[in-house]
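Trainee: predicted structure and sequence below. I'll ask about it afterward.
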2 protein chains.
Amino acid sequence: MAVALVVQKYGGSSVANAERIKRVAERIVAARKAGDDVVVVVSAMGDTTDELMDLANQVSPLPPGRELDMLLTSGERISMALLAMAIHNLGYEARSYTGSQAGVLTTSTHGKARIIDVTPGRLRTALDEGAIAIVAGFQGVSQDTKDITTLGRGGSDTTAVALAAALHADVCEIYTDVDGVFTADPRIVPDAQHIKKITYEEMLELAAGGAKVLMLRCVEYARRFKVPIHVRSSYSNKEGTLVTGSMEDPDVEQALITGVAHDRSEAKITIVGVPDEPGSAGRIFETVAQAEINIDMIVQNVSTEGTGRTDISFTLPKADGATAMTALDRIKDQIKFKSLLFDDHVGKVSLIGAGMRSHPGVAASFFACIGEAGVNIEMISTSEIRVSVVCRDTDLDTAVRAVHDQFELGGSEEAVVYGGTGR
Amino acid sequence: MAVALVVQKYGGSSVANAERIKRVAERIVAARKAGDDVVVVVSAMGDTTDELMDLANQVSPLPPGRELDMLLTSGERISMALLAMAIHNLGYEARSYTGSQAGVLTTSTHGKARIIDVTPGRLRTALDEGAIAIVAGFQGVSQDTKDITTLGRGGSDTTAVALAAALHADVCEIYTDVDGVFTADPRIVPDAQHIKKITYEEMLELAAGGAKVLMLRCVEYARRFKVPIHVRSSYSNKEGTLVTGSMEDPDVEQALITGVAHDRSEAKITIVGVPDEPGSAGRIFETVAQAEINIDMIVQNVSTEGTGRTDISFTLPKADGATAMTALDRIKDQIKFKSLLFDDHVGKVSLIGAGMRSHPGVAASFFACIGEAGVNIEMISTSEIRVSVVCRDTDLDTAVRAVHDQFELGGSEEAVVYGGTGR
């Protein structure tokens, strides 16, 4: 077999201390021994990022983005150097590279830069010389200003996929604390089944529905550059989940239903008594967009008869709640709505399945089973291969279990769950 | 007055926590407010370097130099970003730069790289745009390999002086935990006097004699590029000590005696029974040099009558003791010496004074007063403006006080001593 090029990504919990770093080093060396060229992307150790943020807040209530990025990127610098040392100990050559040294060129938006290009010349040289290349995840360098940037949440996964694309790697392995992707979160649904293979589109919808195993951006990147992702556990040697292939490929086997995702991270804002005039909704969502807030679902009720007024509700990340409320309150007189309601006790359940396109009955039985479980549906949204509802957060687990049962997604084996998350 | 360019350097204890960082930020802003352009060089916070070394040792007994440098340089990255944030808080623009970004080009000897060149283009731009530039001390980038390097002990001082030279700064201010240079260590001699001004040559001899306030390399660099150094306390606003001018300048006022230095960091190795033949000493010191050990003083006794053998003693840093002993033991049969003695209970006292050149009696009264104090002299070495002796380490304080009194170096005011040291 020809030599394969593998990109492996390890999250913060996989390298949380010296012992775990040594264990990860062994896994990397095993891949190298098997004859593969290996590039490793690593996050900061355990709570390092939180600790650094803490320091920043002690010094400044509103640290400038450039300096915050400079500060936070020291986290990966530490973990990658330690990992390279641990590999050396096992008799293999390893060299660590910052995002900048690895050629990760980004926009200059500090804290949430996007990757523009990857020029992995130094990594290629390291591989050609037989070394294992260790790259700092989550970071890059601005193409314009040459300043250090960070990619924001899920940035390390995106770094890994971007490097895999640029190096034409055979696979990008994302190591996490679960054995891969499941038909539901095993912490809620004990008989959730392991998914062996999933298309990019289904994975995108699962991520959008709140599945934390892969970040949306990383899957989008992988889909665009056709990088196969293998999601697997850093605590076991089991096969994980392979994310690859498009629904449009004729040879991709399509399951009717892929799985159930849930999300507790969103809040709901309701704008009460919006005059039912052309342009009202436009001005409202323009205001929210200008505040750089990504909204998810939107529902507008039919105008209450005789009043000429309607209510508009939308969901957004809880963390953006205050910003959105402030921005909307400022246009209250201009729009002439009555009041603003903020509700952060909502949850979202989504059913994802490529086969849904050709089976129109799926949505109906989804709604029905949630209702039968005694859960009230507050909002609905659908895409071609997904249907989602918003309910009370206290009803979320009940709804997830009801849907999982309804579509017979359960297996006979219990899933193994480990603790911790990476970035 | 035209705008001056000031390079300020703060050690690890000056930025040990958020509070101290904020205080340093105020001092920097005060200089900027006074109209000066300011470049700041900063060390890692307090014990960061030791903590990182600890992590490295947990992962690897012998970490590769490249990776150790990558690891340790994260320390300054943290302190410089926090310092820039603190300055922002005070309403001034500050930008932090790694050694690499600041253009500090070095040799590729990891752990003790030497500065080859400084290309401070980005710093110049920052200053031209009205910003304060914060630079990571102690680090650079290898001109050949583009790998991150560290400069070794005292590296941050050297970074500051090198930047001051490259930017043609008016002065390089080294902030430390004492008010400057004293005629002796105030912890040993309470009436040690503050020195207002000192030549590079005298400062070099003081540093070589063990005075910790400035590292030898940094003073050598300053002398070569004629950078005035102002050593002062980061805890007070007192004038410190100005290191400037050469003894060769006709207008430099020369004190007969500058001060007394002492050193507890050395050990003494004695090679007993070396055959008194041509080449023996040469082979011995060639062996020590090949082990990359800097030796300080050397004494060879007159051959004991009739035996054709002699003893050779030399001093070296305690930390290099084991390496030197191992290397010498390996050539025992070749040289045919009898045995090796290792003594790490020695101390060194040095008297420095530019006037010594023209006053030959100084050395004699130096030896005499040490003898009168009941301290036995074990080794002697001299330079044009320095005389040093080695004695028991337990006698060191007595000898320092005796010499300080003998040459009437004491003042009426007691020196203020603060705790902690930087790197």
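Mentor: That came in fine, so what should we check first?
Trainee: got phi/psi on the closest residue to A:Met215 other than its chain neighbours?
Mentor: Using C-beta to C-beta, 6 or more residues apart in numbering or on different chains and skipping the chain neighbours, the partner closest in space to A:Met215 is A:Gly154 (2.7 Å). (C-beta placed from N, C-alpha, C; glycine too.) Main-chain torsions, A:Gly154, degrees, to the nearest 10: phi 70, psi 10.
Trainee: where does chain A have its least confident helix or strand?
Mentor: strand A:298-300 (a mean of 86; mean pLDDT, DSSP states H and E).
Trainee: buried ones in it?
Mentor: Residues of strand A:298-300 classed as buried: A:Val299 (neighbour count, 16 or more other C-beta atoms under 10 Å in any protein chain shown).
Trainee: same question, stretch A:206-224
Mentor: Neighbour-count burial for stretch A:206-224 [16+ other C-beta under 10 Å]: A:206-211, A:213-223.
Trainee: please state the offset of that stretch from the chain centre?
Mentor: 5 Å (C-alpha atoms, centre = their mean, to the nearest Å).
Trainee: next one: stretch A:40-48
Mentor: On C-alpha atoms, centre = their mean, the centre of stretch A:40-48 falls 16 Å from that of its chain.
Trainee: give me the contacts around it.
Mentor: The set of residues external to stretch A:40-48 that reach it, using C-beta atoms under 8 Å, 6 or more residues apart in numbering or on different chains, is A:7-17, A:21, A:28, A:72, A:75-76, A:78-80, A:82-83, A:132-138, A:156, A:159-160, A:163, A:422-423.
Trainee: ditto for stretch A:307-319
Mentor: In contact with stretch A:307-319 (C-beta under 8 Å, 6+ apart) are residues A:265-276, A:281, A:284-285, A:288, A:293-304, A:324, A:338, A:344, A:346, A:348, A:379, A:390.
Trainee: rerun at 6 Å
Mentor: Stretch A:307-319 has contacts (C-beta atoms under 6 Å, 6 or more residues apart in numbering or on different chains) with A:265-276, A:293, A:295-301, A:303, A:324, A:344.
Trainee: looking at the residues you listed, which are in strands?
Mentor: Judged by DSSP state E, these include A:266-275, A:298-300 as members of strands.
Trainee: now the residues you listed: which count as buried?
Mentor: Using 16+ other C-beta under 10 Å, the buried ones in those are A:Glu266, A:Ala267, A:Lys268, A:Ile269, A:Thr270, A:Ile271, A:Gly273, A:Val274, A:Val299.
Trainee: got the residues of the stretch 151-300 of chain A near chain B?
Mentor: Counting by C-beta under 6 Å from any C-beta of the partner chain, the stretch 151-300 of chain A comes close to chain B at no residue.
Trainee: all strands for the stretch 151-300 of chain A, in order.
Mentor: For the stretch 151-300 of chain A, applying DSSP state E, counting those that start in this stretch gives strands covering A:171-176, A:197-198, A:229-233, A:241-243, A:259-263, A:266-275, A:298-300.
Trainee: what lines up beside the longest one in the sheet?
Mentor: Using DSSP bridges, the strands paired with strand A:266-275 in its sheet are strand A:309-317 (antiparallel), strand A:339-343 (antiparallel).
Trainee: with the fifth one instead?
Mentor: For strand A:259-263, the paired strands and their directions (DSSP bridges) read strand A:346-352 (antiparallel).
Trainee: before we move on, the earlier item: can I get the strands paired with strand A:266-275 in a markdown table with mean pLDDT and mean neighbour count?
Mentor: Compiled in a markdown table, the strands paired with strand A:266-275 are given as follows (pLDDT from 0 to 100; neighbours: other C-beta atoms under 10 Å in any protein chain shown):
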| stretch | mean pLDDT | mean neighbour count |
| --- | --- | --- |
| strand A:309-317 | 92 | 20 |
| strand A:339-343 | 95 | 13 |
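Trainee: select, out of the ones you listed, the one closest to B:Ala56.
Mentor: Set against B:Ala56 and scored by C-beta to C-beta, these come closest in strand A:309-317, at 38.5 Å.
Trainee: distance from the chain centre to that closest one, please.
Mentor: Using C-alpha atoms, centre = their mean, the offset of strand A:309-317 from its chain centre is 25 Å.
Trainee: phi, psi of the nearest residue to A:Asp117 once chain neighbours are set aside?
Mentor: Excluding its sequence neighbours, the residue lying closest to A:Asp117 (C-beta to C-beta, 6+ apart) is A:Leu105, at 4.5 Å. Main-chain dihedrals, A:Leu105, degrees, to the nearest 10: phi -90, psi 130.
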